[in-house]
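> sequence and computational prediction follow.
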Amino acid sequence: MSRTAFLVAGIVFVLGFFIGSYDLLAAENWAQWRGVRNTGFAENSRPPVSWSEESNIRWKVAIDGSGSSTPIIYGDRVFILTAIDTGIVDPTRAKPEDQPMRVFGIKHPNTEHQFLTICLDRQTGQELWREIAVQKVPHEGHHGDNDFASASPVVHDNKVFVWFGSAGLFCYDLDGLLLWKRDLGEVKMGAALGEGCSPVVHNGRVIVVRDHQGQSSIEALDSSTGKTYWKKHRDEGNAWATPVIAEYGGRVQVITCASNLVRSYNLEDGTLIWQCGGLTGNATPCPILDGSHVIVMSGYQGHSVMRIPITEEGDLTDADKVVWKHQRGTPYVPSPVLFDGMLFYNQSNQGIWTVLDATSGKIVMDRTRLPGISNMYSSPVAANGRIYVTGRNGLTLVLKPGTNLSIESSNRLDERFDASPSIAGDELYLRGEKFLYCIAK
């Protein structure tokens, strides 16, 4: 071997070692809502396939208050958000029973709530610290299936970024020391349904999307100080879709889903790179990056899923750039999972299952009922060649990918589950209405 070839081989080996080490390290963490690459797939993880209240439960801890944010796992710690009603009445606020009847029976609270971050020991579930970000009366109510702690935190650069929507954005170190906070103002959600879009962090910037009935916006803040880099107005109503980060042609894109348009912003300055129409109302599922394309979907008052190139510029709506599109069977609240070139998702908030070839859009399995699951809000996750789907009734089905529905196991816990699962290392984390479970052998 020549000296040049030897050096090249050495460089390739070193790069491969570091990339492999990064993948293994990433597999040990679940640092943002949909995992390392925002696909819902945990590479190199091997969580249990079967469990119950009596088996494969490493620990189970009660979480006071209410919240449906996903547990975030980083290193030896687990971070979870909750909101606790203190019962302290603000006499200047109208009592719930004296308020006008709103859609879904939603009432605005008149009591102070504590907005908390709780940190647990990953091995034992023991509480390490809790910090009250703010205590205040929420300015609006929320849907009965929503709560005041539904946006998931993010861990990046040894900082914990916590977003309570109208109650504020907070940054802590891993030991709970508050580094900075920002009040970004109140929003007016249509029908007072509540907030829920999670932040993303990339290249030293925190991205927050706020689509509501007032002036919607996207804002980029310095992750070290909370200072605003840029803020752009958006012509959108209610939406809850967490954005995704993509890189192409030397630019970092922030891709957002909403009812009017899917948009790509330049992370550096917020300029619009491309946009594309075609989704339905109340867009909620997170976009998924797949190479040089992004897959987006929505499922309220109609259905839509599209594969869009991120390599273009301008308005792609009528430019014949969409690779494929389907208009049935897509989810309302849950996000899809991308695994091994296949896209897995449910219909509306129901246990009706569809599988597509992500590249071609070919239907592999079409709207097949999941036995035992009638309703679901949590997003499916994947690991070790399996898909984990959790219903609101406490049942999790472990599926094997294929052209026909293949159920490897059915696992029930005594809880209601709305939060999306997390997978880190060989552990599966399920947050219920009252308890957080660490499922591991």
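Alright, I've got the coordinates. Residues are numbered from 1 along each chain as shown.
> how far away is residue 246 from residue 282?
Residue 246 is 24 Å from residue 282, where distance means Cβ to Cβ, to the nearest Å. For every residue, glycine as well, the C-beta is placed using N, CA and C.
> ditto for residue 398
30 Å.
> got it, and residue 134?
Distance, residue 134 to residue 282, by Cβ to Cβ: 27 Å.
> and for residue 314, the neighbour number?
12 (other Cβ atoms under 10 Å).
> what sits against it?
Contacts for residue 314 (Cβ atoms under 8 Å, 6 or more residues apart in numbering) come out as 274-275.
> packing partners of the longest strand anywhere in the chain?
The longest strand of the chain (DSSP state E) is strand 77-89. Under the contact criterion of 3 or more Cβ pairs under 8 Å, 6 or more residues apart in numbering; DSSP states H and E, strand 77-89 touches strand 72-74, strand 111-121, strand 435-439.
> who's residue 61 bridged to?
residue 436 (DSSP bridges).
> and what of the one 5 residues further on?
With beta bridges defined as DSSP bridges, residue 66 has these partners: residue 83.
> show me where the stretch 1-150 of the chain has its strands.
Using DSSP state E, counting those that start in this stretch, the strands of the stretch 1-150 of the chain run over residues 41-42, 57-62, 72-74, 77-89, 111-121, 127-136.
> could you do the stretch 151-300 of the chain as well?
Taking DSSP E, counting those that start in this stretch as the criterion, the stretch 151-300 of the chain contains strands spanning 154-156, 159-163, 169-173, 178-182, 200-202, 205-210, 216-222, 228-234, 244-248, 251-256, 262-266, 272-276, 288-290, 293-298.
> nearest to residue 42, out of these?
strand 288-290 (14.6 Å; Cβ to Cβ).
> relative to residue 235, how far out is residue 201?
26 Å.
> the more surrounded of these two?
With neighbours defined as other Cβ under 10 Å, residue 201 and residue 235 compare such that residue 201 has more, 20 against 11.
> which residues does the nearest residue to that one once chain neighbours are set aside bridge with?
Closest residue to residue 201 apart from its sequence neighbours, by Cβ to Cβ, 6 or more residues apart in numbering: residue 156 at 4.1 Å. Beta-bridge partners recorded for residue 156 (DSSP bridges): residue 159.
> quick one: residue 156 and residue 72 touch, right?
No - if you go by Cβ atoms under 8 Å, residue 156 and residue 72 don't touch, sitting 10.5 Å apart.
> distance from the longest strand of the chain to the middle of the chain?
On the basis of Cα atoms, centre = their mean, to the nearest Å, strand 77-89 sits 19 Å off its chain's mean C-alpha point.
> could you do stretch 390-398 as well?
18 Å.
> can you check stretch 52-67 too?
Chain-centre distance of stretch 52-67: 21 Å, with Cα atoms, centre = their mean.
> try stretch 407-414
23 Å.
> so for it, what gets flagged as buried?
Using 16 or more other Cβ atoms under 10 Å as the test for burial, stretch 407-414 gives 411, 413.
> go on, stretch 164-173?
Buried residues in stretch 164-173 (16+ other Cβ under 10 Å): 164-172.
> run through who's touching it.
Around stretch 164-173, the neighbours that count as contacts under Cβ under 8 Å, 6+ apart are 81, 83, 115, 117, 131, 133-134, 136, 138-140, 148-149, 151, 158-163, 178-187, 195-196, 199, 206, 208, 210, 221, 223, 226.
> which among those end up buried?
Members of the contacts of stretch 164-173 classed as buried by 16+ other Cβ under 10 Å are 81, 83, 115, 117, 131, 133, 138, 140, 148-149, 151, 159-163, 180, 182, 184, 187, 195-196, 199, 206, 208, 210, 221, 223, 226.
> show me the shaky parts of the chain.
1-26 (pLDDT under 70).
> try it again with 50
Along the chain, segments meeting pLDDT under 50 span 2-15, 17-22, 24.
> how close does residue 416 get to residue 390?
Between residue 416 and residue 390 the computed distance is 10 Å (Cβ to Cβ).
> okay, the two: which has more neighbours?
residue 390 (29 against 14).
> what bridges to the more buried one?
residue 396.
> shift numbering so it begins at 670
All set: I'll call the first residue 670, so the last point we hit is now residue 1059.
> distance of it from residue 946?
For residue 1059, the distance to residue 946 - Cβ to Cβ - is 32 Å.
> same deal with residue 923?
18 Å.
> and the residue nearest to residue 1090 when sequence neighbours are not counted, how many neighbours?
Spatial nearest neighbour of residue 1090, chain neighbours left out: residue 1050 (5.0 Å); criterion: Cβ to Cβ, 6+ apart. A total of 31 residues lie near residue 1050 under the criterion other Cβ under 10 Å.
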